[in-house]
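Participant: Sequence and predicted structure are below.
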Amino acid sequence: MPKITGNEIRPGFILDHDGGLWSAVKVDIVKPGKGGAFAQVELRNLRSGSKLNERFRSADKVERVTLEQKDQQFLYEQDGKLVFMDAESFEQIEIPAALLGERRPFLQDGMTAVVQYYDEEPLSAQLPAKVTCVVASTEPVVNGQTASKSFKPATLDNGVRIMVPPFIGQDEAIIVNTETMEYSERA
C-alpha cells in the first residue's frame, strides 16, 4: 500500500490508521502563525462507523488503502442487513444497513450500487448520484410565491423530508441528489 504524507490527505481517501480502516470525511489544512502547517482530518471508521478527529503534520506518513469496487444489485433487506447480488457470479453478500446511514431510504429494489471491498470484506456501498422519487405529500402552491427563489417542505414516497420548489405538486416524480439529499430536477 502506498504511503502518503499528512498534507496529501483528501476527503474520500481510505487510510490504514491505528489498526483500522478509516475514511477521510473532512480535511482542513491549518497554517498557524508559529510552527509548521498540519491537516486537521475528520475520520470515520469503515467497520464500526465511529468518528475520530486526527491531526497530521506534513512529515507524518500514513498508508492509503485502495478498495476494490464492484457493481452489485440490491435484492432485499433482512434483519438489518442489505442483501446484494454480484451481476457476474450471482453470489449474494450481506452488508449492515447502518453503513448507508441517512441515505438508506433511497436504496430501491433492483438498484445497482457500487460495493467497496477490502480483502473480500464488503465495507461500504455507494448509491447512484441521482435517484427518482415520488412526492407523497406537500403543501399546495400559493400564488405569488414563485416570484422569489423559495422552497416548501415535501415528504417523498420513501419517507424522507426534503425541500422542493413551489411548482412541485403531490404525486409528481422528481430526481433527488443522494449525496446532498436535495431536490435536483423534475423527472
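Facilitator: In hand now; what should we look at? Numbers count the residues shown, from 1 in each chain.

Participant: So for the worst-scoring helix or strand of the chain on mean pLDDT, what gets flagged as buried?
Facilitator: In the chain, no helix or strand scores lower on mean pLDDT, DSSP states H and E than strand 121-126, which sits at a mean of 82. Buried residues in strand 121-126, defined by neighbour count with 16 or more other Cβ atoms under 10 Å: 122-125. Heads up, the C-betas are built off the backbone N, CA and C, glycines and all.

Participant: which is the next helix or strand following it?
Facilitator: Where DSSP states H and E defines the elements, the next helix or strand beyond strand 121-126 is strand 130-138.

Participant: What pairs with that next one, parallel or antiparallel?
Facilitator: Taking DSSP bridges as the criterion, strand 130-138 sits next to strand 152-156 (antiparallel), strand 173-177 (antiparallel) in its sheet.

Participant: sorry, back to before: in CSV, please show the C-alpha coordinates belonging to the least confident helix or strand of the chain.
Facilitator: Extracted in CSV, the C-alpha atoms of strand 121-126 (Å, rounded to 0.1, in the frame of the first residue of the first chain):
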residue,chain,number,x,y,z
GLU,A,121,-14.8,-8.0,3.0
PRO,A,122,-17.6,-5.6,1.9
LEU,A,123,-17.1,-2.3,3.7
SER,A,124,-19.5,0.2,2.1
ALA,A,125,-21.9,0.8,-0.7
GLN,A,126,-22.3,3.9,-2.9
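
Participant: What strands line up against that strand, and which way round?
Facilitator: Assessed with DSSP bridges, strand 121-126 is paired to strand 112-118 (antiparallel).

Participant: Residues in contact with the strand it pairs with: which ones?
Facilitator: 14, 21, 46, 65, 67-74, 84, 87, 93, 95, 107, 122-128 (Cβ atoms under 8 Å, 6 or more residues apart in numbering).

Participant: Likewise for stretch 82-91?
Facilitator: 70-77, 92-97, 100, 107, 112-113, 115, 122, 125.

Participant: got it, and stretch 43-63?
Facilitator: 1-7, 9, 14-17, 20-25, 36-42, 98-99, 101, 118, 123-124.

Participant: could you flag which of those residues are buried?
Facilitator: Buried among the contacts of stretch 43-63 (16+ other Cβ under 10 Å): 4, 6-7, 9, 14-15, 17, 21-24, 38-39, 41-42, 99, 118, 123-124.

Participant: quick one: low-confidence parts of this structure?
Facilitator: Applying pLDDT under 70 to the chain picks out residues 1, 142-148.

Participant: Okay, domains of it per the record?
Facilitator: 3-65, 68-126, 130-186 (automatic domain parsing).
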